[in-house]
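Trainee: Quick one, fold the following:
(one chain, ligands or ions: 1)
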Amino acid sequence: MSSQIIPVEPFDYVVFGGNGDLAERKLLPALYQRQLAGQLSDPTRIIGASRTPMTHEEYRKFATDALKEHLKADEYQEAQVKAFVSKLFYVSVDAKSDSGWDKLKALLDDGGKEKVRAFYLAVAPAIFGDISERIRDNKLITKQTRIVVEKPIGRDLASALELNETIGKVFKEEQIFRIDHYLGKETVQNLMALRFANALYEPLWNAQYIDHVQITVAESVGLESRAGYYDKAGALRDMVQNHILQLVCLVAMETPSSMAADAVRDEKLKVLRALKPITAENVERLTVRGQYRAGASSGGAVKGYLDELEGGVSNTETFVAIKAEIGNWRWAGVPFYIRTGKRMTGRMSEIVITFKQIPHSIFDAAAGRIESNQLIIRLQPDEGVKQSLMIKDPGPGGMRLRNVSLDMSFAEAFAARNADAYERLLLDVIRNNQTLFMRRDEVEAAWKWIDPILKAWDETGQKVQGYTAGTWGPSQSIALIERDGRTWHEVI
Ligand code: BG6
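Mentor: Now for the predicted structure:
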């Protein structure tokens, strides 16, 4: 089974930071994949923009090399690559001066045809304001203009407010697309399908039937080449404020009246606002901070975080585990255990919903233990959904119970390639569909919950606990959940 491809109308995508890391690894390969799928119609153009002087031809060569490096061999098809790079252009512009903007203006001028025009800011947030203002001052905003921004949207509530304010002075909220690439992941969207396109789960989706929820986003990579950014951010800002809280929202939100952007975002916002505050009084009980030490990952020895850093001193967490609670009727008393970390046992992200035990067993002890039902939504790798059920062990030997899984691996069930999140999101911008993008108040509400945790860590001086690279994190994270008589679901 493969999905239906509906071409999008021609567009101009201007990518600031067009020769940067994100463009090279994600944006250009994602747009190429849409070309391969037949979704880009002429005269679509992708315009790289940055300070570096480069000709159109040099940019096409840069893109060709990027595709060669980041695509699978069978995806890199000479004719398609040629057709794709013929849509690429390049302009050298300076965010901080007038240099180059007249050239961009001339390139974009297509005689008032009113093509969709998207500006993607794949640059440091410090220059979002400068770029937005120059876009406005050079009169590049048409009725069909959108702007796309990437995280980090601030490093706390105050800086997020300031950033939103700066962009908001130039663009209207409905023109601003704040990307959280987790929302573009196939299985994340599937969470909405599972919950709202089946009669089965929704009646059970509450504190009466659900014991607890676990969300794990484990990575095997370490610091990579991002020390400058990461050491100032840490796992709470880098992963929890955005990706993981978005997952919490999709699991916990009430049923929106439709998939319309604001219907969904209104419900997500209510979840963020209902998260119970974590403060200096309870932070040590509800959170764990960790930092990886030397160990082994992907089969080889790896350095510890401090050995990778210049200077070698840091209190930044590369792992965080939190017991969160949502203070509303649906979720009262249901813990949401969340954790994420670098250099963990492997790359694995999943959401586990554990249902409550049956209220009374009719089986005798010989039947064995009755396990709670679990719904496991695997985001990566091996996307899929598993539902565990107790059944009778086959055979004539009496009633013995066994825990088995109804297991649906998407790779096996559908022949479709697993598209990268950016493929969906980049074209949603063109389609003007904001459902999978964060609204301003969502980002701010997420910071409102995160800020007190950061402050509480600071006030209490909560230590970062060491953990060996290649493990599931510090032992305190195991204690966090085991204190409540529960265990982390750990299957790679
Ligand atoms: C990014 C974080 O937003 O997400 C990175 O900044 C992290 O630190 C990445 O590695 C994880 O994304 P994915 O799609 O590989 O799970």
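
Trainee: Which part of the stretch 101-250 of the chain gets nearest to the ligand, residue-wise?
Mentor: D238 (4.8 Å; CB to the nearest ligand atom). Any C-beta I mention is one placed from the backbone N, CA and C, and that applies to glycine too.

Trainee: ok, the closest residue to that residue other than its chain neighbours - contacts?
Mentor: Nearest non-adjacent residue to D238, counting by CB to CB, 6 or more residues apart in numbering: Y230, 6.6 Å away. Counting by CB atoms under 8 Å, 6 or more residues apart in numbering, Y230 makes contact with L223, D238, T316.

Trainee: Can you list the buried residues in stretch 71-79?
Mentor: L71, Y76 (16 or more other CB atoms under 10 Å).

Trainee: One more: stretch 419-434?
Mentor: The neighbour-count check on stretch 419-434 (16+ other CB under 10 Å) flags 419-430, 433-434 as buried.

Trainee: Equivalent analysis for stretch 9-25, please.
Mentor: 10-20, 22-24.

Trainee: Please apply the same query to stretch 27-46.
Mentor: Neighbour count says stretch 27-46 has 27-37, 39-40, 44-46 buried, by 16+ other CB under 10 Å.

Trainee: Stretch 248-265 now?
Mentor: Quick answer for stretch 248-265 (16+ other CB under 10 Å): V248, C249, L250, V251, A252, M253, P256, A261, V264, R265.

Trainee: What is the neighbour count of the residue lying closest to the third one once chain neighbours are set aside?
Mentor: Read that as L250. Excluding its sequence neighbours, the residue lying closest to L250 (CB to CB, 6+ apart) is L191, at 5.0 Å. Using other CB atoms under 10 Å, L191 has 17 neighbouring residues.

Trainee: try G398
Mentor: Using other CB under 10 Å, G398 has 10 neighbouring residues.

Trainee: ditto for S314
Mentor: The number of residues packed near S314 is 18, by other CB under 10 Å.

Trainee: who's in contact with it?
Mentor: S314 touches D231, Q291, Y305, L306, counting by CB under 8 Å, 6+ apart.

Trainee: The same query, at a cut-off of 7 Å, please.
Mentor: D231, Y305, L306 (CB atoms under 7 Å, 6 or more residues apart in numbering).

Trainee: And the longest helix along the chain, what's buried?
Mentor: Ranked by residue count under DSSP state H, the longest helix found in the chain is helix 440-460. For helix 440-460, burial by neighbour count (16+ other CB under 10 Å) applies to 440-454, 456-457.

Trainee: How about stretch 221-230?
Mentor: Neighbour counts over stretch 221-230 (16+ other CB under 10 Å) mark G222, L223, A227, Y230 as buried.

Trainee: so the second one makes contact with E310?
Mentor: No. Using CB atoms under 7 Å as the test, L223 is too far from E310 to be in contact (11.0 Å).

Trainee: What's the local residue count around P396?
Mentor: With other CB under 10 Å as criterion, P396 counts 4.

Trainee: ok, now how distant is it from the ligand?
Mentor: 48 Å (CB to the nearest ligand atom, to the nearest Å).

Trainee: Now do the helices in the stretch 351-492 of the chain.
Mentor: 410-413, 421-431, 440-460, 475-482 (DSSP state H, counting those that start in this stretch).

Trainee: closest to Y209 out of these?
Mentor: helix 475-482 (19.8 Å; CB to CB).

Trainee: Can I get that closest one in PDB? Just the C-alpha atoms.
Mentor: Extracted C-alpha coordinates of helix 475-482, given in PDB (Å, rounded to 0.1, in the frame of the first residue of the first chain):
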ATOM      1  CA  SER A 475      20.400   4.600  38.800                       C
ATOM      2  CA  GLN A 476      18.400   7.500  40.300                       C
ATOM      3  CA  SER A 477      16.200   7.400  37.200                       C
ATOM      4  CA  ILE A 478      15.400   3.700  37.900                       C
ATOM      5  CA  ALA A 479      14.700   4.700  41.500                       C
ATOM      6  CA  LEU A 480      12.400   7.500  40.300                       C
ATOM      7  CA  ILE A 481       9.900   5.000  38.900                       C
ATOM      8  CA  GLU A 482      10.600   2.000  41.100                       C
END
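
Trainee: would you turn the buried residues of stretch 9-25 into TSV with secondary structure?
Mentor: Output for those, formatted as TSV (DSSP: H, G, I helix; E, B strand; the rest coil):
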residue	secondary structure
P10	coil
F11	strand
D12	strand
Y13	strand
V14	strand
V15	strand
F16	strand
G17	coil
G18	coil
N19	coil
G20	coil
L22	helix
A23	helix
E24	helix
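
Trainee: mind listing the strands in the stretch 1-150 of the chain by residue range?
Mentor: Applying DSSP state E, counting those that start in this stretch to the stretch 1-150 of the chain gives strands spanning 11-16, 45-50, 88-92, 116-121, 145-149.

Trainee: Report the next helix or strand after the last one in sequence order.
Mentor: Yep, that's strand 145-149 we're talking about. Next along the chain after strand 145-149, taking DSSP states H and E as the criterion, comes helix 157-170.

Trainee: near the ligand, anything from the helix or strand following that next one?
Mentor: Sequence order places strand 176-178 as the next helix or strand after helix 157-170, per DSSP H and E. No. Interface with the ligand: strand 176-178 contributes nothing (CB under 6 Å from any ligand atom), its closest point being 12.8 Å away.

Trainee: Give me the contact list for strand 176-178.
Mentor: R146, I147, V148, V149, I153, I167, V429, Q434, F437, M438, V443.

Trainee: Give me the buried subset of the residues you listed.
Mentor: Buried, going by 16+ other CB under 10 Å: R146, I147, V148, V149, I153, I167, V429, Q434, F437, M438, V443, out of these.

Trainee: I'd like to know how far the residue nearest to the fourth one when sequence neighbours are not counted sits from I131.
Mentor: Distance criterion CB to CB, 6+ apart; nearest residue to V149, sequence neighbours excluded, is L121 at 5.1 Å. L121 sits 6 Å away from I131, taking CB to CB, to the nearest Å as the criterion.
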